[in-house]
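S.K.: next come a sequence and a model predicted from it.
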Amino acid sequence: MGKYIIAGNWKMNKLPSQTHDFVKEIAKVTEGARCEVVCCTPYVCLSEAVKAAEGTHVKIGAENLHFEDSGAYTGEVSADMLVDMGVDYVIIGHSERRQYFAETDCTVNAKTKKALAKGLIPIVCVGESLAEREAGVTMEIIGIQVKKAFADISAADAEKVVIAYEPIWAIGTGKTATSEQADEVCGGIRAMLAGIYDQGVADKVTIQYGGSMNAKNAAELLSMKDIDGGLIGGASLKSADFATIVSSVK
Ligand code: 13P
């Protein structure tokens, strides 16, 4: 379906002083990858990450951005700043940001539009909580998140967006969604995109799965029809595990 992308989300891990060597290592162990390989790093690591990735196949992403161009927003980072540094991707609306930093579907939409306007590739995260899954409202919750994230985004821009389906109950818990559960929601997201735009657009969008994806379960998850890659937390911090996940893309 969409282009295969395996992206690491380092979250608040690794130091700037560790970044250069680690990104070089990732480039080495993922050489010849059959998919796009991305490392999303903390803001303070980006400069070293971009330098290390230069001349390799590895792309670098940020973990957040602000939706305004510039101004009095102490502590925030704009899309222009990321572009200026040579960053290609940006994660938007990760559940940890929604949960701890008041990120809403509204800010996710504003940030997605800003990223697209500036030429960054947004990785938009959606996902249900355990309570929502158990209440049987997973697709309704995902539907609202997807519709709001894509509000006022043209078909031409929508094709460039990457969606990461990350069930909150599977993040950092070691509890992976089964490949059937993950594929069902990813397929549902593709059907929603076909409804908002058309099937052609829906087929071009990369839909990743994220949530305890690791060297052992990646091959099965990535073999599913509507799963076009992964957004990897813990396992992206170990180069050998990350390389195994990348090489699981067939
Ligand atoms: P884990 O792979 O550590 O579960 O994290 C997933 C995630 O949140 C990636 O964004």
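M.R.: Nice, I can see it. Numbering: from 1, shown residues only.

S.K.: show me what residue of this structure gets nearest to the ligand.
M.R.: Of all residues in the chain, G233 sits closest to the ligand, at 2.3 Å by Cβ to the nearest ligand atom. No exception for glycine: its C-beta is placed from N, CA and C like everyone else's.

S.K.: ok, now how distant is that residue from S95?
M.R.: Distance, G233 to S95, by Cβ to Cβ, to the nearest Å: 11 Å.

S.K.: now do the shared contacts for these two.
M.R.: Counting by Cβ atoms under 8 Å, 6 or more residues apart in numbering, the shared contacts of G233 and S95 are I171.

S.K.: CA-only coordinates of stretch 161-175 in CSV, if you can.
M.R.: These are the backbone C-alpha positions of stretch 161-175, laid out as CSV (Å, rounded to 0.1, in the frame of the first residue of the first chain):
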residue,chain,number,x,y,z
VAL,A,161,1.1,12.2,5.7
VAL,A,162,2.2,9.1,7.7
ILE,A,163,-0.3,7.8,10.2
ALA,A,164,1.0,5.7,13.2
TYR,A,165,-1.7,3.6,14.8
GLU,A,166,-0.5,3.2,18.4
PRO,A,167,-2.9,1.6,20.8
ILE,A,168,-2.1,3.3,24.1
TRP,A,169,-2.3,0.0,26.0
ALA,A,170,0.4,-1.5,23.9
ILE,A,171,3.0,1.3,24.3
GLY,A,172,5.9,0.4,26.5
THR,A,173,3.9,-2.4,28.1
GLY,A,174,5.3,-5.3,26.2
LYS,A,175,1.7,-6.0,25.3
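
S.K.: that older thread, now the closest residue to the residue of the chain closest to the ligand other than its chain neighbours: phi and psi?
M.R.: Nearest non-adjacent residue to G233, counting by Cβ to Cβ, 6 or more residues apart in numbering: N9, 5.3 Å away. Main-chain dihedrals, N9, degrees, to the nearest 10: phi -110, psi 100.

S.K.: what about N9, how many neighbours?
M.R.: 27 (other Cβ atoms under 10 Å).

S.K.: so who does it touch?
M.R.: Contacts of N9 (Cβ under 8 Å, 6+ apart): 40, 63, 91, 94, 210, 231-233, 236.

S.K.: in this protein, what helix or strand scores lowest on average pLDDT?
M.R.: Using mean pLDDT, DSSP states H and E, the weakest-scoring helix or strand in the chain turns out to be helix 130-134, at a mean of 95.

S.K.: list the contacts of that helix.
M.R.: Contacts of helix 130-134 (Cβ under 8 Å, 6+ apart): 138, 141, 167-169.

S.K.: quick check: pLDDT value at W10.
M.R.: The score at W10 is 98. That number is its pLDDT.

S.K.: burial count for it?
M.R.: Burial measure for W10: 21 neighbouring residues, criterion other Cβ under 10 Å.

S.K.: now swap in Q181 and tell me
M.R.: 16.

S.K.: grab the nearest non-local neighbour of it.
M.R.: Residue nearest to Q181 in three dimensions, not counting chain neighbours: P167, with 7.7 Å by Cβ to Cβ, 6+ apart.

S.K.: check contacts around that neighbour.
M.R.: Counting by Cβ under 8 Å, 6+ apart, P167 touches 127-128, 133, 138, 177, 181-182, 185, 211.

S.K.: and after the helix or strand harbouring V83, which helix or strand comes next?
M.R.: Secondary structure from DSSP states H and E places V83 in helix 79-85. Reading on from helix 79-85 to the C-terminus, the next helix or strand found by DSSP H and E is strand 89-92.

S.K.: what helices or strands is that following strand leaning on?
M.R.: strand 5-9, strand 36-40, strand 58-62, helix 105-117, strand 121-126 (3 or more Cβ pairs under 8 Å, 6 or more residues apart in numbering; DSSP states H and E).

S.K.: quick check on the residue in the chain sticking out farthest from the centre: phi, psi?
M.R.: In the chain, A72 marks the outermost C-alpha relative to the chain mean, sitting 27.9 Å out by Cα atoms, centre = their mean. Torsion angles at A72 (phi, psi; degrees, to the nearest 10) stand at phi -80, psi 80.
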